[in-house]
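K.L.:
Predicted structure and sequence below. I'll ask about it afterward.
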Amino acid sequence: MKRSTDVRIYIAGHRGLVGSAIWRALAQAGFTNLIGRTHAELDLLDTAAVRRFYESERPEFVFIAAARVGGIKANNDNPASFLYENLQIQNNLIHLAKESGVQKLLFLGSSCIYPKLAPQPMKEEALLTGPLEPTNEWYAIAKIAGIKMCQAYRRQHGCDFIAAMPTNLYGANDNYDPVNSHVLPALIRRFHEAKMASAPSVACWGTGSPLREFMHSDDVGRACLFLMENYSEEQFINVGSGVELSIRELTGLVARVVGYGGGITWDSTKPDGSPRKLMDSSRLFAMGWRPQVNLEVGLRSAYEDFLKRFAPGKAT
């Protein structure tokens, strides 16, 4: 990707966790002609509207960070929405990028594309080698379709479309909805509310034993720019931190960052999800890229973001 102030770059989902991080990374690198549209300005489910957008804006580079996302409960409760909406968003953005002559496109997936019991750490070659985790298979199937669509358009039409699979992410502009958020932002909100209410304990889902890997959104934003400039292969590429910890350890860390001093209980009647999800990011690391944000430092900045957006005036 040429470093020029007039190169036109569209970030789909630019107000979300990942999209806003990509926007920041691009701005910090000197790119000034960045294009973003809110849902009110452009409904990505509307094929005709997306076509008009591509025809009028003519972006040269596209980052696809727009998606219908949510945690275990949201995926379980809304399988049709997660499957249909993500397929429709991807189909519109990828196909019409080809139609309008986009030079290069980066599609972002999720670590949930891998089989529930994939060998750890998960290599890119593990895709489609076993059953998915049932609690988020609808979202995963849509993301797998997005990967395959980029590969198909690359093979049939010669499009320079690539895909990257980030690990669990957190950071500025995360979704802290008590029902639809992912585990880490959900924990931040739960422990903050418990602190404010002086609650004696906080109940968490599952056993706390699953292992998870986390990466700050600013790291994945920098990784996306790095890949757009340095990667051009049909095989998708993992983007992870290489560091994992148990959900039980994570809850203790979040409680400390938030300043909650009560107890933590575990409801083992609720699902744990996959027992372990560690990405093998050796291909990316071999290219010379490394994450920069330490988990505890990143959590403190995420909590500050939460306070600014949802609890102004509250001290940490």
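P.N.:
Yes, it's here.

K.L.:
residue ranges of the helices in this protein, please?
P.N.:
Along the chain, the segments classed as helices by DSSP state H run 17-28, 47-57, 72-77, 79-99, 137-157, 183-197, 217-230, 247-258, 282-286, 295-310.

K.L.:
What is the first one packed up against?
P.N.:
It refers to helix 17-28. Here helix 17-28 touches strand 9-12, strand 34-35, strand 168-170, helix 217-230, going by 3 or more C-beta pairs under 8 Å, 6 or more residues apart in numbering; DSSP states H and E. (Each C-beta comes from the backbone N, C-alpha and C, glycine too.)

K.L.:
got the contact list for the longest one?
P.N.:
For helix 217-230, contacts defined as C-beta atoms under 8 Å, 6 or more residues apart in numbering pick out 1, 17-18, 20-26, 29, 61, 63, 104, 106, 108, 162, 164, 166, 169-174, 237, 239, 241, 284, 287, 289, 291-293.

K.L.:
and the angle for that helix with helix 295-310?
P.N.:
110 degrees (axes from the mean of the first three to the mean of the last three C-alpha atoms, to 10 degrees).

K.L.:
buried sites along helix 217-230?
P.N.:
Neighbour counts over helix 217-230 (16 or more other C-beta atoms under 10 Å) mark 217-228 as buried.

K.L.:
could I get it in CSV with only the CA atoms?
P.N.:
Output of helix 217-230 as CSV, limited to C-alpha atoms (Å, rounded to 0.1, in the frame of the first residue of the first chain):
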residue,chain,number,x,y,z
SER,A,217,-7.1,-3.4,19.7
ASP,A,218,-4.3,-1.0,19.0
ASP,A,219,-2.0,-3.9,18.4
VAL,A,220,-4.4,-5.5,15.9
GLY,A,221,-4.8,-2.1,14.2
ARG,A,222,-1.0,-1.9,13.6
ALA,A,223,-1.0,-5.5,12.5
CYS,A,224,-3.7,-4.8,9.9
LEU,A,225,-1.6,-2.0,8.4
PHE,A,226,1.5,-4.1,8.5
LEU,A,227,-0.3,-6.9,6.6
MET,A,228,-1.9,-4.6,4.0
GLU,A,229,1.6,-3.3,3.2
ASN,A,230,3.6,-6.6,3.5
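
K.L.:
got the angle for that helix vs helix 17-28?
P.N.:
60 degrees.

K.L.:
Mind checking the pLDDT average for helix 217-230?
P.N.:
In this model, helix 217-230 has an average pLDDT of 97.

K.L.:
now swap in the third one and tell me
P.N.:
Strand 168-170 shows a mean pLDDT of 92.

K.L.:
mind listing what that strand pairs with, with the direction of each?
P.N.:
Partners of strand 168-170 in the sheet, by DSSP bridges, are strand 211-216 (parallel).

K.L.:
Residue 251 contacts residue 187, correct?
P.N.:
Yes. If you go by C-beta atoms under 8 Å, residue 251 and residue 187 touch, sitting 5.9 Å apart.

K.L.:
More neighbours: which of those two?
P.N.:
residue 187 (24 against 21; other C-beta atoms under 10 Å).

K.L.:
Now do the more buried one against residue 252, distance only.
P.N.:
Remark: distance between residue 187 and residue 252 (C-beta to C-beta, to the nearest Å) = 10 Å.

K.L.:
Could you do residue 72 as well?
P.N.:
Taking C-beta to C-beta, one finds residue 72 at 21 Å from residue 252.

K.L.:
Who has more neighbours out of those two?
P.N.:
residue 72 (19 against 14).

K.L.:
That one is in contact with residue 273, isn't it?
P.N.:
Yes. In this structure residue 72 lies within contact range of residue 273 using C-beta under 8 Å: 5.9 Å.

K.L.:
can you list residues touching both of those two?
P.N.:
With C-beta under 8 Å, 6+ apart as the test, residue 72 and residue 273 both reach 135-136.

K.L.:
Make a markdown table from the helices and strands packed on helix 17-28 and add distance to residue 141 to it.
P.N.:
Listed next are these as a markdown table, based on distance: least, C-beta to C-beta, whole Å:
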| stretch | distance to residue 141 |
| --- | --- |
| strand 9-12 | 20 |
| strand 34-35 | 29 |
| strand 168-170 | 19 |
| helix 217-230 | 22 |
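
K.L.:
Could you point out which of the ones you listed sits nearest residue 311?
P.N.:
Smallest distance to residue 311 across the helices and strands packed on helix 17-28 (C-beta to C-beta): 17.2 Å, for strand 168-170.
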